[in-house]
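Undergrad: one predicted model, sequence on top.
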Amino acid sequence: MDLVSSLVMGLQVAVTPINLLYCLLGVTLGTAIGVLPGVGPIITISLLLPLTFGLTPEASIIMLAGIFYGAAYGGSTTSILVNLPGEAASAVTCIDGHQMARQGRAGSALAVAALGSFFAGTVGTLIIALAGPPLASIAMRFGATEYAALVFVALLSTAAMTRGGVVKGIGVALLGMVFGTAGSDVSTGMFRFTFGIPELRDGVEFAVLAVGLFAVAEIIGNIGEPQGDAVSSRNIGRLWPSREDFQRSWPAVLRGTGLGALLGVLPGAGLAMSSFTAYMMEKTVSKDPSRFGQGAVEGVAAPESANNAASQTAFIPTLLLGVPGSPTMALMLGAFMIHGVQPGPRMMGDHPQLFWGLIVSMWVGNLLLVVLNLPLIGLWVRLLRVPYHWLYVFVLAFACVGVFTLSSSQFDIYSLVFFGALGYLLKAAGCNPALFILGFILGPMFEENFRRAMTLSRGDPMIFLERPISLTLVLIGVAVLLATTTSFVRRGRAEATD
Amino acid sequence: MTIHSDLLAALIFLSFGIVAVVIGASYGFGSPAALGSGAMPMLVGAGLCAMGVVQLVQNAAARRAGQQFVSAFPRRELRPLLLILVAVLAFGLLIDRLGLLPALAALVGISWFADSGGRKREMLAVMVCVGVLLVAIFYFGLGIPFRLVSWRF
C-alpha cells in the first residue's frame, strides 16, 4: 500500500464527524487541564485517561491523541504566561517566552509557538508515514533476543539521561519493574505479589498508578510552594506575529523541526533534550546571541517546534516496536494497551485503520489546536487566574472520581492513596517518578522476551552478545551510560538545567 | 541523624529490593534455560539492592567531603501529605456507602485544610462547584451510573 492511500484511509477514520468530535473534546480538555499552573502533560494525560474508557478503540485513541497535543500546548501557554513550566520540555520556552510576555508580546509568542508546533507536527506526521512501513518490516525480524536488548537499552539510556543522577534513575526504573511483575505470571500463571488480594491478580491498575504517582503526589508537593507571578497574564498583546517576528522565526522553526524529528526517535533522548539542544543551536547560529534571554522570538520558535517534532517522531519506536522512548510515551502506550491495542510491528498490518487513523488524527489534533485554541486564548488565560487553593481541590476530586469510574472498585481508591504516598516519597528522595512508569510498562515486556531468549539459547546469556542487532543495541546502551557518567556531558546538562 | 533525600533514595531501593528478592525466591528461580516466575523479581530486586548500596557509598563519600544535608521532609509538607491522603481515603470509604455527593463533600471538606489560609465560606462554594462540575462531566456527560446519594452500610 502506498503512502497516499494509507493517509487517505487514515483521514477517513479520523475525519468522521464523531471521531472529529472526540478529537476536539480531547484537545479542548487537554488544553484546559494542561494550562493550569503546575499541571504538566503527564498529569493531564493520566487525569483524563478514565474519560476515554467507554469509547470504541478508534475514538478513544483519537481522543487521547487530542489530549496529548492539548496538554503539550497548554503547558507551553503556562510557561510563556506565568513562567511556570509543567515539565522539563517546556522549561526552555520559559526563558524567552516569558520575557516576550513581559514586553506585552505574549500573543505573538503563543502564536509562534502554535504555528511552529503545527508545522513541526505536519513534518513529523509525514516522517512517520514514510518511515513506518520500511521500519516495520525491519522490526518484524526482531526476535525475543533483540526485543529484550532493545527494552534494556531504552530503559538504561532514559534512566541515565534524566536529572537527579544515574544511580537514582536506574534505581527508580527498577522499582517500576518490580511493580510491573505483580499479578499473574504470563508464562506459568502463578500469582506474584498479590498478597491474597483478588484485585491484584491482573496486576497493578495502570491508570491508578499514574494518577497516584503524578496527580496526587504532585498536589501534596505543590501546596505550600510559593506560586509563580501572574503579572504578565493580564496583557496578551496582539495575536498575529509581526513581520519581523515571522522573518526571524521561520528559519528557527525549520532547524528546530529537523533536530527534534531526529532526536525524538532515539529512546531516552526525549523531548526535553530536543528543546534544550534546539535552543542552544539557535543561540549558536544567531548573529546576535545577546538577544537571547531578552525575549528573542527564535528562543520560542525553535524549542517549541523541536519539542513537537520530537513528540511526533517519538511515536515511531512506540507504535512500531511497542517500546516507548519517554515517560509520556510510556503513558500513551499504557493507555493504548488498556484499549486492547498492542502497538508493535504487527499493528500496521493487523489494525491498519487504527494505525493510520491515529497518525492522521495526530495531525488533525494539531490543526484543531491552531484553528480553535489560539482564538480562545483569552479563555485559557482566565483559567490561569484560578487560585491554587481551588485548583488542587478540583484536580483531586477529578482524580478520585475518574479512578473510581475505571471499575467502580474501592480498592482502586485505596491504591490511589498508596501510590500518592509512594510518589511523594520518590519526589522527596529526588527520584523522577516518570521513570517509574517507564519501568512499569517496559518491565513485563523485558521479562517475557528475556525469558524466551534464555530458553532459546538453552540458558546461555552470551546470546545477547552473539546476535549482531542485539550486540549493537547493548553497546549503544553501555556507551550512553559511560557518556552520561563522564564529566563533559554532566557539565553540559547542568548548564542546560540551570 | 537527618533523613536527607539521598539517604531516603537508598532506603527505598534497599527495602523494596530486599522484599522483591525474598518474596521472589519463594516463587522459584528456575534454571537459566527455563527461568521461573521468581527469576525476574529476584534479578530486579538484586539490581535495586545494588543501586541502594551504591547510593549509600556515594552518601558516605559526600559526608566525608563535608557536604551539609537537609531533611527530605520539610515540616510544612507534613500537613498537606496527611490531609490529602486522608481526604482520598475518606472518599474511598464513603463512595459505596453514602454515594458520590457525600463522598465528594468529605473529600473537599478535608483536602481544603491541606493548605492554610482558606476561608470556610469559600470552602462551601468550592464544594458546590466541584459537585456540580463532576456530576455534569461524569454522571450526565459520560453517563456513568453513579449513586449520587445512597444509604448502604
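TA: Looks like it arrived, so ask away. Numbering: from 1, shown residues only, chains lettered A, B, ... in the order given.
Undergrad: B:A33: how many residues sit nearby?
TA: If you count neighbours by other CB atoms under 10 Å in any protein chain shown, B:A33 ends up with 12. Glycine gets a C-beta too; all of them are placed from N, C-alpha and C.
Undergrad: spit out the contact partners of it.
TA: Shown in contact with B:A33 (CB atoms under 8 Å, 6 or more residues apart in numbering or on different chains): A:M454, A:T455, A:S457, A:R458, A:G459.
Undergrad: kindly recompute the last result at 6 Å.
TA: Counting by CB atoms under 6 Å, 6 or more residues apart in numbering or on different chains, B:A33 makes contact with A:T455, A:R458, A:G459.
Undergrad: how close does the second one sit to chain B?
TA: Distance, A:R458 to chain B, by CB to the nearest CB, to the nearest Å: 5 Å.
Undergrad: equivalent analysis for the first one, please.
TA: A:T455 sits 6 Å away from chain B, taking CB to the nearest CB as the criterion.
Undergrad: please name whichever of the contacts of B:A33 scores lowest on pLDDT.
TA: pLDDT across these is lowest for A:G459, at 81.
Undergrad: near it, how many other residues are there?
TA: What A:G459 shows, counting by other CB under 10 Å, is a neighbour count of 14.
Undergrad: so it sits against B:P32, correct?
TA: Yes - between A:G459 and B:P32 there is a contact under CB atoms under 6 Å: 3.1 Å.
Undergrad: and residue 62, helix, strand or coil?
TA: Going with chain A. helix (DSSP: H, G, I helix; E, B strand; the rest coil).
Undergrad: now for it, how many residues are close by?
TA: Neighbours of A:I62 using other CB under 10 Å come to 33.
Undergrad: ok, it touching A:N19?
TA: Yes - the pair A:I62 / A:N19 is scored as a contact, 5.0 Å apart, by CB under 6 Å.
Undergrad: name the nearest residue to the residue most central in space within chain B, ignoring sequence neighbours.
TA: Centroid-nearest residue in chain B, with CA atoms, centre = their mean: B:L85, separated by 7.7 Å. The shortest distance from B:L85 to any residue other than its chain neighbours is 5.3 Å, reached at A:V417 (CB to CB, 6 or more residues apart in numbering or on different chains).
Undergrad: ok, back up a step: which SSE is the residue nearest to the centre of chain B in?
TA: helix B:78-98 (DSSP states H and E).
Undergrad: does A:V417 really touch B:V88, like I thought?
TA: Yes - in this structure, A:V417 is within contact of B:V88 by CB under 6 Å, at 5.1 Å.
Undergrad: could I get the helix holding B:L85 in PDB with only the CA atoms?
TA: C-alpha atoms of helix B:78-98 as PDB (Å, rounded to 0.1, in the frame of the first residue of the first chain):
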ATOM      1  CA  LEU B  78       3.500  17.200  56.600                       C
ATOM      2  CA  ARG B  79       0.100  18.800  56.800                       C
ATOM      3  CA  PRO B  80      -0.700  18.500  53.100                       C
ATOM      4  CA  LEU B  81       0.700  15.000  53.000                       C
ATOM      5  CA  LEU B  82      -1.600  13.700  55.700                       C
ATOM      6  CA  LEU B  83      -4.700  15.700  54.900                       C
ATOM      7  CA  ILE B  84      -4.600  14.900  51.100                       C
ATOM      8  CA  LEU B  85      -4.100  11.200  51.700                       C
ATOM      9  CA  VAL B  86      -6.900  11.200  54.400                       C
ATOM     10  CA  ALA B  87      -9.200  13.000  52.000                       C
ATOM     11  CA  VAL B  88      -8.700  10.400  49.300                       C
ATOM     12  CA  LEU B  89      -9.200   7.600  51.800                       C
ATOM     13  CA  ALA B  90     -12.400   9.200  53.100                       C
ATOM     14  CA  PHE B  91     -13.700   9.400  49.500                       C
ATOM     15  CA  GLY B  92     -12.900   5.700  49.100                       C
ATOM     16  CA  LEU B  93     -14.700   4.700  52.300                       C
ATOM     17  CA  LEU B  94     -17.800   6.800  51.600                       C
ATOM     18  CA  ILE B  95     -18.400   6.300  47.900                       C
ATOM     19  CA  ASP B  96     -20.000   2.900  48.100                       C
ATOM     20  CA  ARG B  97     -21.800   3.500  51.400                       C
ATOM     21  CA  LEU B  98     -23.200   7.000  51.100                       C
END
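Undergrad: which parts of it are buried?
TA: By neighbour count on 16 or more other CB atoms under 10 Å in any protein chain shown, the buried set for helix B:78-98 is B:79-81, B:83-92, B:94-96, B:98.
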